[in-house]
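> Have a look at this prediction, sequence included:
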Amino acid sequence: MTDVSTIELVGAAFDGDLESFGELCRRHYTAMAAIAYSVLIDHQLAEDAAQETFARALTNLRSLKKPVKFVPWLGAICRNVARDMLKAGSRQVDTGNLSRRSDGEVQGGDMRAVRQAVGRLPESERDVVVLKYYNGFSYDQISAVLGISKPAVNGRLTRAKRKLTTYLKDSGFLENER
C-alpha cells in the first residue's frame with residue numbers, strides 16, 4: 001500500500017474498506033499497546049487491550065466525527081479498554097514488571113526501584129514516560145497519540161521527572177548514587 005494519510009485511510013475505512021482499517025491497525029498498534037501497558041503494567045494484557053481497542057474502534061467508527069482526531073480517539077478507547085480490564089480484575093497489576101528492557105545505565109535492583117517509581121506516577125504522566133522512554137516515541141508522536149500539544153507533553157514529562165526524583169530519593173535509591 002502506498003503512503004496514504006491516516007485521514008484518507010479513516011475515510012476509506014468509514015466507507016467499508018477493511019484493508020484500509022487493517023493498515024490503520026498496523027500503523028497504530030505499537031502506540032495502542034504502549035498506552036495499554038501504561039495502564040495495565042503487563043505486556044500480555046496490553047497486547048490484548050490493543051487488539052480489543054481496534055475491535056471496538058471498527059464497531060464504533062461511525063461515531064468518529066472528525067477523521068483528523070482518529071489517533072487520539074483510538075487512544076481514548078484504548079485507555080478505557082485497559083481500565084475496564086483492570087476493573088474486571090483480569091490480573092493484579094505488578095509495577096515490578098514495568099519493563100523487561102534492560103538499559104545499560106540501570107541494572108538489577110536499580111531497575112526495580114525505577115519501575116516502582118514509574119508505577120506510582122499518575123496515569124497521564126505515566127503515559128508520556130512509557131511512550132517516551134520505554135517505547136522511544138518522539139514528542140510529535142506522543143502528541144498525536146494522546147491528542148495533546150507538544151508543550152503539554154513537555155510539561156507532563158517535566159512533572160513526571162520531578163516526581164520520579166522525589167520517589168527515588170524517598171526510597172533511598174538516589175542517596176546511593178555517586
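Cool, got the structure. Residues are numbered from 1 along each chain as shown.
> Give me the residues contacting stretch 8-26.
1, 4, 6, 27, 54, 58, 61-62, 64, 67, 70 (CB atoms under 8 Å, 6 or more residues apart in numbering). Where C-beta positions appear, they are placed from N, C-alpha and C, glycine not excepted.
> How many neighbouring residues does G89 have?
When neighbours are counted by other CB atoms under 10 Å, G89 registers 7.
> where does it land in three-state SS?
Judged by DSSP: H, G, I helix; E, B strand; the rest coil, the three-state class of G89 is coil.
> confidence score at it?
Confidence at G89, expressed as pLDDT, is 72.
> Could you do A152 as well?
Reading off the per-residue confidence, A152 sits at a pLDDT of 95.
> again with R112
Each residue has a pLDDT score; the one for R112 is 76.
> Neighbour-wise, give me the winner out of the contacts of stretch 8-26.
The most neighbours of any of these, using other CB under 10 Å, belong to F70, which has 22 neighbours.
> contacting residues for that residue?
When contacts are counted by CB under 8 Å, 6+ apart, F70 is found next to 6-7, 10, 24, 64.
> quick one: which helix or strand includes it?
Using DSSP states H and E, F70 maps to helix 70-87.
> hey, C-alpha coordinates of that helix in CSV?
Written as CSV, here are the backbone C-alpha positions of helix 70-87 (Å, rounded to 0.1, in the frame of the first residue of the first chain):
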residue,chain,number,x,y,z
PHE,A,70,-8.7,9.4,14.8
VAL,A,71,-5.5,8.6,16.7
PRO,A,72,-6.5,10.5,19.9
TRP,A,73,-9.9,8.9,19.7
LEU,A,74,-8.3,5.5,19.4
GLY,A,75,-6.1,6.3,22.3
ALA,A,76,-9.1,7.2,24.4
ILE,A,77,-10.7,3.9,23.5
CYS,A,78,-7.5,2.1,24.4
ARG,A,79,-7.3,3.7,27.8
ASN,A,80,-11.0,2.8,28.5
VAL,A,81,-10.4,-0.8,27.4
ALA,A,82,-7.3,-1.1,29.7
ARG,A,83,-9.2,0.5,32.6
ASP,A,84,-12.1,-1.9,32.0
MET,A,85,-9.7,-4.8,32.2
LEU,A,86,-8.3,-3.5,35.5
LYS,A,87,-11.8,-3.2,36.9
